[in-house]
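*Asks:* Dropping a prediction and its sequence here:
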Amino acid sequence: MGEHGVSKRAKAANRKSPEPVEPAEPAEPVEPAEPVTAAKPTKPAKAAKAAKPESRLAMVRRARRINRELAEVFPYAHPELDFRNPFELLVATVLSAQTTDLRVNQTTPALFAKYPTPEDLAAAVPEEVEELIRPTGFFRAKTKSIMGLATALRDDFGGEVPGRLADLVKLPGVGRKTAFVVLGNAFGVPGITVDTHFMRLVRRWRWTESDDPVKIEAEVATIFPKSEWTMLSHRVIFHGRRICHARKPACGACPITHLCPSYGEGETDPEKAKKLLKYEMGGFPGQRLDPPPGYPGRPAPPLGASDG
């Protein structure tokens, strides 16, 4: 009887023993909250680290280092238009729109031989000027511009090219870019020349995000001392023409890859990249028929001659 009673009590205990475990089941819905709580500090931390922007100070230091290193790569950087005086440089710069400096340099000797002064060019027959500058393209519009500026120089400035930005930009066909080329290289007045090469490179280097030339000029001017502006322009443009091309930059042959946030946009294989180098960097003639002393490359050939 005792064992039977114990057996009944044991069976009853066995039936009731799962009941205390049941209250623990409601705790299960809390479990999904645990990974959410743990994940919150982790994901934003990783994202913040990956997207941490370069500080203004770091960018300025990097930009100035690029300028210093380009000065070592291109110690001979110079304006690539042939000229003997401010008038020739002004006309050549206007003609350089939508064409190469090489083509302008091959065209201007005959133009300046026939019209050496603003007075001569202002009195020219337009059709004759058009024929002389035809190789530069858009020759009718350019003829109108250079004859118009020659007339303005004759009538308003005594036949002399003015040395002030405000005066230069009033001349036909002359904008800020042209004005700064003339001021910086004919008058020694510092200026930043924002051409297509300059715009492309400063955006690749993250000095600016703007695509407006005037804004780019203003932003870059805050990075460098005024005394550097003209030579900075030459170095950046030299690098853009020779190495950091628009469609296929020669990244594998670039001397400043360690400073470039856009490395890899172009050819990274060193041997293949070397084949993309232009002008003296690639062993070819430069753009000037009459390059300045110290230029390490070969002079460009005159119009109609082989440029090999």
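*Replies:* That came in fine, so what should we check first?
*Asks:* Quick check: E131 vs F139, distance?
*Replies:* 8 Å (Cβ to Cβ, to the nearest Å). Heads up, the C-betas are built off the backbone N, CA and C, glycines and all.
*Asks:* okay, these two: which has more neighbours?
*Replies:* Using other Cβ atoms under 10 Å, the more surrounded residue of E131 and F139 is F139, with 17 against 13.
*Asks:* Verify the stated contact: the more buried one with I133.
*Replies:* Yes. F139 lies in contact with I133 (Cβ atoms under 8 Å); the separation is 5.0 Å.
*Asks:* which residues touch the closest residue to R204 other than its chain neighbours?
*Replies:* Leaving out its chain neighbours, the residue that sits closest to R204 by Cβ to Cβ, 6 or more residues apart in numbering is S262, at 4.2 Å. Counting by Cβ atoms under 8 Å, 6 or more residues apart in numbering, S262 makes contact with 204-206.
*Asks:* Which of those residues are buried, as a ChimeraX select command?
*Replies:* Buried residues among these (16 or more other Cβ atoms under 10 Å), as a ChimeraX selection:
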select :204,205
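*Asks:* Tabulate the contacts of S262 (CSV), appending secondary structure, pLDDT and distance to K114.
*Replies:* Below are the contacts of S262 laid out as CSV (DSSP: H, G, I helix; E, B strand; the rest coil; pLDDT from 0 to 100; distance: Cβ to Cβ, whole Å):
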residue, secondary structure, pLDDT, distance to K114
R204, helix, 98, 42
W205, coil, 98, 43
R206, coil, 98, 47
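*Asks:* Is the residue nearest to R204 part of a helix or strand, or is it coil?
*Replies:* Here S262 is coil, with the state taken from DSSP: H, G, I helix; E, B strand; the rest coil.
*Asks:* now swap in A141 and tell me
*Replies:* With three-state DSSP as the basis, A141 sits in helix.
*Asks:* Could you do the one 10 residues further on as well?
*Replies:* Of the three states, T151 takes helix according to three-state DSSP.
*Asks:* Spatially nearest residue to T108 (excluding sequence neighbours)?
*Replies:* A92 is the one closest to T108 (Cβ to Cβ, 6+ apart), at 5.4 Å.
*Asks:* That neighbour - how many residues pack around it?
*Replies:* If you count neighbours by other Cβ under 10 Å, A92 ends up with 26.
*Asks:* Over to G148?
*Replies:* Per other Cβ under 10 Å, the neighbour tally for G148 reads 17.
*Asks:* what does L90 give?
*Replies:* Residues contacting L90 under the criterion other Cβ under 10 Å number 27.
*Asks:* Quick check on it: phi, psi?
*Replies:* When read as degrees, to the nearest 10, the backbone of L90 gives phi -60, psi -50.
*Asks:* Tell me if I'm right that it and V182 touch.
*Replies:* Yes. With contact defined as Cβ under 8 Å, L90 reaches V182; the gap is 5.2 Å.
*Asks:* any common contacting residues for those two?
*Replies:* Taking Cβ under 8 Å, 6+ apart as the criterion, L90 and V182 both touch 161, 168.
*Asks:* Which residue lies nearest the spatial centre of the chain?
*Replies:* With distances taken as Cα atoms, centre = their mean, the residue of the chain nearest its centroid is L201 (1.9 Å).
*Asks:* Relative to S233, how far out is G294?
*Replies:* Where S233 is concerned, G294 sits at a distance of 18 Å (Cβ to Cβ).
*Asks:* correction: L168
*Replies:* Distance, L168 to S233, using Cβ to Cβ: 16 Å.
*Asks:* of the two, who's got more company?
*Replies:* Counted by other Cβ under 10 Å, L168 and S233 do not tie: S233 has more neighbours, with 27 against 24.
*Asks:* contacting residues around the more buried one?
*Replies:* By Cβ under 8 Å, 6+ apart, S233 lies in contact with 180, 184, 191-193, 198.
*Asks:* again, but for G240
*Replies:* Taking Cβ under 8 Å, 6+ apart as the criterion, G240 is in contact with 197-198, 200-201.
*Asks:* what's the pLDDT at it?
*Replies:* Note on G240: pLDDT of 98.
*Asks:* May I have the phi/psi pair for it?
*Replies:* phi -70, psi -40.
*Asks:* does the residue nearest to T108 count as helix, strand or coil?
*Replies:* Under three-state DSSP, the three-state class of A92 is helix.
*Asks:* Return the residues in contact with it.
*Replies:* When contacts are counted by Cβ under 8 Å, 6+ apart, A92 touches 81-83, 104-105, 108.
*Asks:* I66 versus T257, what's the distance?
*Replies:* With distances taken as Cβ to Cβ, T257 is found 11 Å from I66.
*Asks:* Low-confidence bits of the protein, can you list those?
*Replies:* For the chain, residues meeting the criterion pLDDT under 70 lie at 1-51, 306-308.
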